[in-house]
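Participant: With the sequence up front, the predicted model follows.
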Amino acid sequence: MSRGKRTLSSVSAAGSRKGTAISVVIPIKGHPVLLDDAIASVQRDIQAGTIQRLIVVNDGCSYAETLESLAAWQALLGKGMQVLHCRNAGLSAARNRGIDAALKADPKLDAVFLLDADNILAPDAGEAMRRLLKSHPQADWFYPDFDFFGQNGHYITDRNHELLFHAQINICEAGSLIRRRVFDAGIRFDEDMKRGYEDWDFWLSAAQAGFSGQSAAQPLLLYRKRPVSMLSNSHDADADLRRYLEQKHAWLFNTPKLLALEAARFPRFAVIEGHGSTVRLQTDPDQSREITPQELERQIMAHFAEPFANHAPAYLVFLREGVSARLLENRLLHSFFWNAERRWARAEKRPSFDLFYLETSASGHRISNDRGTPDRLADGIVIDLNAVYDLFMSSDEEALRRIDQTSSGFRVRSWSMSLEHMARLDLKSASGPELLRSFILQLSRSRFRNALGQRWEWREQGGAIDRGTAVQIPRKISGGGVVFPLLKRPGIRDIAFVLPIFDFGGVEKVVASMARELAQNGYRCHLVVVSDRPIHPDGWALQAFTTVNWMPDPSAIDWTGTEFLGTSEPSWGNGDEKADLMGLLSSMDVVINAHSGALHKVADHLRRRGITMIDHEHLLERSTYGRSYGPPKLALAYEYAYDLIITCSEALRIWMHGHGIPREKLMAVVNAPGYPLPAGTARTVMEDRAKRDPEAPLRVLFMGRLDPQKGVHRLSAIYHGLALHAPQISLTIAGGSVVDTAEADFSFPHETQMLGPVRGQEALTRLLAATDVMVLPSHYEGLPLSVLEAQRCGVVVLATDVGAMDEAIQHGSTGFVLPEIGCEDSFVHMIMTLDEDRSLLGQVSQNASRMARDWSLAVAPLLAWLKRQEGGLTAERDEMGEFDVCRSKM
């Protein structure tokens, strides 16, 4: 024993001279014989002066042999070994006790190495640890490669510690060398985790505190591999344990964080556009960096040679000159990249490449999932990395030269976007296929090609991750859905408005107006149309949106799914569709659903991911038999998935409360006019109206769709009655018409002016300025924007008593609300009265213009609610942060 003490004394002096102090912690329960091997391996390094102390924690082991073994080793190692005998509390608690004991025993301790009782230190591990601590002062812990015994195996680990990949699997063995500063920050093992993955949790907690690891690039221990172990049992409970980790480490397991990690080190797209002299590497198209085609070639070849060490972009995109500029101008660039990636991810049969066409449209932006047989060279090509490999490795050069032919012989798909009034592309510039052909030929002739068949590591890649999987990691948060490539900006909150169509009806105008107010208050707004229907810009309507996006699934608006209270859902909603919609929205802070039945099906999943979910209801429809149906009925079914439900009127708010929605969950954001007017325009309109000859013919207008909801048959009777009894009155209809169809069973007087749809702020204002009376004999309504727009310009509105009409019109003062029964005669009589009594007409016109609503006032309650929500979330995060620190110190 005295000889052992003399050795220990000399060892301590040697360790002091080297300037490092390392202790080893071994927890023991159930391996008394194997423990001897573990301690013996540590003893060698204690004697060599590279390990200062061994701490063994007996975690309530029931074997007498364990006590005997520990006593014998204590007698041999003396002060070089400390034994703690504890009541069984689990592996995490045993490690924590050993760590605390090591820190207390050696105030100048530099690092702790954790060794399981059934493993052993590798030869000269202590000296290797000392070198690592000295040569890499910035690293907070060092994780080893693996050499197994028992069952054969030799694995390397990731050479660079990447937090993105650590979110995918645990890339650091518990048997790692950990600097004291990690423990001094309060990082400990979670003692509630008794089924495994506690070491994964430990490293994530360290990363959250700002620490990072580094590969030791060699084995520091020899790992005893057996068919059944605690680790294999952990794998059986993988789903439950991962769920626990995701909840505990929500700071990491969220789409914006993972997307930012991906973008910083593993850009998703490589874009070659125009002359092909540069390459843009990007995840978010707003944040890119340029490299040369030669550097992209090197990245691709390095990845295929050693995919566990080298990254290359998952998708290559080749674009004709001007494509990006036109998409960006119309806010569709992000949508292009999301749809391009989604087409690859969801392809039933993987094509050789995917053709893209960008064209001009006379009316609205349009998207086509299937462009059909190519009739010209495409404006773009999208191809994934695996297809790139197949092309340059499996095809001969003669075949590669045919890539830029419309009938190339390769398996292709095609899609397109058409932009309203887009300036045409220069078709003389290099097409997508020509750019692809040039680059693939470059790869096929690469000087690096011969390196692809060489093996660079004798150890297997079992402990490292293929860098090509980086694009898939952010998807896991949304169940595998393709993630929208949008990076967060500090201090900016993102709000998505989700609609089934954007054809610029009432709902669309409300959304555009709300987005304008929210954007002016610092929010970044995004439009998402969940269908393949056209998007109509209408001048100002898209200006408030940072991005405009399609999820072009036709089934999202087929309304043939399950029925609830007389209202059918869309059939849309298989696993991939729902996952992709979550991926599209998972970077948002707030999502507002404006009548999208598809969004209801994923709303609860998004809400549980911390996204504030708001449902916006506009209109309760009424069937021929007088039964109510429509989006508000579906909202009743999914009320639990939303934090707030807003309505366009008080009447609809009251109806929804009466049908079961809690009062505290409802807010009326009462409609205002559906498009903005330049300052002073309304005043000018009213001044011109006052100058009009009182003897001039009265001008009557119907503005809206000619369909049953709007009372088209009633309108026909009203106009015929006016033509008969007051032929001097001017009659006008502005809106989509079905008059010319053979099935129409109504008509209008021949003198009626049929203007068709009127779009644009200036055109609408001119029309309203040239109108005295507007009629709206609807069967059902919400709170029509056309009424509010007309009143702002001094038009006297006559409407049936439906929906929230009485919230916009004070009967006899700012307009007239007439009972539905016999309304045709009432409309005719009231219009003739106004024609005869121009002073009454003028007074009501003035009253109507004075009560014009304003969107800034309408949205104010919602803005205040959002601010309260943001304050609550911030406080909750702060509270959880303090809670996590307290737990880690326990």
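Facilitator: Happy to help now that I have it.
Participant: Surely residue 644 is in contact with residue 868?
Facilitator: No. Assessed by CB atoms under 8 Å, residue 644 is found out of contact with residue 868, at 10.7 Å. For glycine as for every other residue, the C-beta is placed from the backbone atoms N, C-alpha and C.
Participant: neighbour-wise, which of these two wins?
Facilitator: For the pair residue 644 and residue 868, the greater number of neighbours falls to residue 644 (19 against 10), based on other CB atoms under 10 Å.
Participant: Excluding chain neighbours, what is closest to the residue sitting nearest the centre point of the chain?
Facilitator: Averaging the C-alpha coordinates of the chain gives a centre point, and the residue nearest to it by CA atoms, centre = their mean is residue 586 (2.6 Å). The shortest distance from residue 586 to any residue other than its chain neighbours is 3.9 Å, reached at residue 255 (CB to CB, 6 or more residues apart in numbering).
Participant: how close does that neighbour sit to residue 479?
Facilitator: Separation of residue 255 from residue 479 (CB to CB, to the nearest Å) stands at 12 Å.
Participant: Compare the two and say which one has the larger neighbour count.
Facilitator: Between residue 255 and residue 479, residue 255 has the larger neighbour count (other CB under 10 Å), namely 26 against 16.
Participant: got the contact list for that one?
Facilitator: Applying CB atoms under 8 Å, 6 or more residues apart in numbering, one finds that residue 255 lies in contact with 474, 477, 478, 483, 583, 586, 587, 609.
Participant: Show me how to select, in PyMOL, the buried members of these.
Facilitator: The buried subset of the contacts of residue 255, as determined by 16 or more other CB atoms under 10 Å, is captured in PyMOL by this line:
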select buried, resi 474+477+478+483+583+586+587+609
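Participant: export the contacts of residue 255 to TSV and tack on pLDDT, distance to residue 526 and secondary structure?
Facilitator: Listed next are the contacts of residue 255 as TSV, based on pLDDT from 0 to 100; distance: CB to CB, whole Å; DSSP: H, G, I helix; E, B strand; the rest coil:
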residue	pLDDT	distance to residue 526	secondary structure
474	97	18	helix
477	93	18	helix
478	93	16	helix
483	98	14	coil
583	98	14	helix
586	97	12	coil
587	96	9	coil
609	94	17	coil
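Participant: Can you give me the buried ones in the lengthiest strand in the chain?
Facilitator: Longest among the strand segments of the chain by residue count, using DSSP state E, is strand 213-224. Residues 213, 214, 215, 216, 219, 220, 221, 222, 223, 224 are the ones in strand 213-224 that count as buried (16+ other CB under 10 Å).
Participant: and of those, the nearest to residue 464?
Facilitator: Nearest to residue 464 among the buried residues of strand 213-224 is residue 215, at 9.2 Å by CB to CB.
Participant: for the residue lying closest to that closest one once chain neighbours are set aside, helix, strand, or coil?
Facilitator: The spatially closest residue to residue 215, leaving aside those adjacent along the chain, is residue 159, at 5.0 Å (CB to CB, 6+ apart). State at residue 159, reduced to three classes by DSSP: H, G, I helix; E, B strand; the rest coil: coil.
Participant: so residue 159 touches residue 218, yeah?
Facilitator: No. When contacts are counted by CB under 8 Å, residue 159 is not listed as touching residue 218 (11.4 Å).
Participant: Just after the helix or strand encompassing residue 636, pick out the following helix or strand.
Facilitator: Residue 636 is part of helix 631-637 when elements are defined by DSSP states H and E. Beyond helix 631-637 in the direction of the C-terminus, DSSP H and E gives the next helix or strand as strand 644-647.
Participant: which helices and strands does that next one pack with?
Facilitator: Contact analysis of strand 644-647 by 3 or more CB pairs under 8 Å, 6 or more residues apart in numbering; DSSP states H and E lists strand 612-617, helix 650-658, strand 666-668 as its packing neighbours.
Participant: Just the pLDDT for the nearest residue to residue 749 once chain neighbours are set aside.
Facilitator: Leaving out its chain neighbours, the residue that sits closest to residue 749 by CB to CB, 6+ apart is residue 723, at 3.8 Å. We note a pLDDT of 96 for residue 723 in this prediction.
Participant: repeat for residue 456
Facilitator: The pLDDT attached to residue 456 in the predicted structure is 69.
Participant: that older thread, what's next to the longest strand of the chain, contact-wise?
Facilitator: Identification of contacts with strand 213-224 by CB under 8 Å, 6+ apart yields 34, 113, 115, 118-122, 125, 128-129, 132, 136, 139-150, 157-161, 172-173, 175-177, 203, 206.
Participant: change it to 6 Å
Facilitator: With CB atoms under 6 Å, 6 or more residues apart in numbering as the contact definition, strand 213-224 has outside contacts at 118-122, 125, 132, 136, 139, 141-150, 157, 159, 161, 172, 175.
Participant: Indicate each strand paired with that strand and its parallel or antiparallel sense.
Facilitator: Strand 213-224 has the following sheet partners, assigned by DSSP bridges: strand 120-121 (antiparallel), strand 141-149 (parallel).
Participant: could I get those strands as CSV with mean pLDDT, mean neighbour count and distance to residue 636?
Facilitator: Listed next are those as CSV, based on pLDDT from 0 to 100; neighbours: other CB atoms under 10 Å; distance: least, CB to CB, whole Å:
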stretch, mean pLDDT, mean neighbour count, distance to residue 636
strand 120-121, 96, 25, 65
strand 141-149, 90, 22, 53
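Participant: next one: phi and psi at the residue nearest to residue 749?
Facilitator: Here the main-chain torsion angles of residue 723 (degrees, to the nearest 10) amount to phi -60, psi -30.
Participant: Is it in contact with residue 748, as I believe?
Facilitator: No. Counting by CB atoms under 6 Å, residue 723 sits too far from residue 748 to count as a contact (8.6 Å).
Participant: From residue 787, how far off is residue 814?
Facilitator: From residue 814 over to residue 787 the distance is 10 Å, taken as CB to CB.
Participant: Kindly report the same for residue 107.
Facilitator: For residue 107, the distance to residue 787 - CB to CB - is 79 Å.
Participant: So for these two, which sits in the more crowded spot?
Facilitator: Using other CB under 10 Å as the criterion, residue 107 and residue 787 rank with residue 787 on top: 26 against 8.
Participant: Then the more buried one would be within a strand, right?
Facilitator: No. Assigned with three-state DSSP, residue 787 falls outside any strand and is helix.
Participant: how far away is it from residue 290?
Facilitator: The gap separating residue 787 from residue 290 is 53 Å, by CB to CB.
Participant: cool, residue 489 as well?
Facilitator: Distance check for residue 489 against residue 290: by CB to CB, it reads 22 Å.
Participant: wait, isn't residue 114 in contact with residue 27?
Facilitator: No. The pair residue 114 and residue 27 fails to qualify as a contact (CB under 6 Å) at a distance of 8.4 Å.
Participant: Which stretches in the stretch 301-450 of the chain count as helices?
Facilitator: Read by DSSP state H, counting those that start in this stretch, the stretch 301-450 of the chain holds these helices, from start to end of the chain: 323-329, 333-345, 385-394, 397-400, 432-444.
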